[in-house]
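>>> let's see this in three dimensions:
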Amino acid sequence: MADPSRAEAGKRTLPAFLLIAVVLLSGCSMETSPKGDPAASGGRSTAGTSLARNDSDLAARYRSAGGYRDVYGLKYVKNRAGVPVLTVWTRKKSGYGSEFDAFDKTLTSFLTGTGVDLQQGYVLTVHGPDGAILHHYDTTLENSP
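Numbers count the residues shown, from 1 in each chain. Modelled structure (predicted):
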């Protein structure tokens with residue numbers, strides 16, 4: 001026969017366990033994309049590729065300054081060595097191909113105009129609308145030929 005005190009403890013433990021599981025799992029979503037961008041309509045969103053509101057605001061400023069119209073997210077941070085890491089979200093599905101140099105130039109010109117120091121080089125990753133990496137470009141001195 002089952003011990004009544006043990007059964008009572010199980011009744012209290014299960015709801016607590018479920019509550020903890022819900023809290024932990026609810027914090028795992030990286031979906032912070034604003035409405036209207038391709039990633040919000042079923043595109044994948046993985047760690048490092050989530051789009052925050054300020055990223056879309058910077059992209060809007062970039063487009064207003066003459067940047068590529070298909071860029072809907074733009075973010076930069078510095079890594080541990082102080083090198084800017086640039087992340088771009090674009091509506092293009094296959095990347096910039098032969099236009100990449102022109103795209104890179106408009107992007108870096110805009111960022112330096114906003115005060116971002118790119119003298120040490122930078123690392124640029126461009127994501128398509130489904131979150132796939134379309135370009136990864138590293139201009140840091142240690143990776144230059």
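>>> state the distance from D130 to S109.
With the distance defined as C-beta to C-beta, to the nearest Å, D130 ends up 28 Å from S109. Yep, even glycine has a C-beta here, placed from its N, CA and C like the rest.
>>> repeat that for Y62.
Distance of Y62 to S109, given as C-beta to C-beta: 10 Å.
>>> and these two? which has more neighbours close in?
Neighbours per residue (other C-beta atoms under 10 Å) separate Y62 from S109, with Y62 holding more: 23 against 13.
>>> contacting residues for that one?
For Y62, the contact set (C-beta atoms under 8 Å, 6 or more residues apart in numbering) comprises 68, 71, 74, 107, 110.
>>> and the residues you listed, which of them are in strands?
Members of the contacts of Y62 lying in strands (criterion: DSSP state E): 71, 74.
>>> top of the contacts of Y62 by number of neighbours, please.
When neighbours are counted by other C-beta under 10 Å, L74 leads the contacts of Y62 with 25 neighbours.
>>> surely that one and R63 touch.
No - assessed by C-beta atoms under 8 Å, L74 is found out of contact with R63, at 9.2 Å.
>>> now do the helices in this structure.
Taking DSSP state H, the helices of the chain run over residues 4-26, 53-64, 100-113.
>>> and the angle for the second one with helix 100-113?
So the one you mean is helix 53-64. Relative orientation of helix 53-64 and helix 100-113, computed by axes from the mean of the first three to the mean of the last three C-alpha atoms, to 10 degrees: 110 degrees.
>>> which parts of helix 53-64 are buried?
55-56, 58-59, 62-63 (16 or more other C-beta atoms under 10 Å).
>>> could you do the last one as well?
Residues of helix 100-113 classed as buried: 103-104, 106-108, 110-111 (neighbour count, 16+ other C-beta under 10 Å).
>>> which helices and strands sit right next to that helix?
Using 3 or more C-beta pairs under 8 Å, 6 or more residues apart in numbering; DSSP states H and E as the contact test, the elements touching helix 100-113 are helix 53-64, strand 71-78, strand 84-90, strand 133-138.
>>> hmm, back to that, go through the helices of the chain and find the least confident stretch.
Per-stretch mean pLDDT for the helices of the chain is lowest at helix 4-26 (a mean of 52).
>>> sweet, I'm off.
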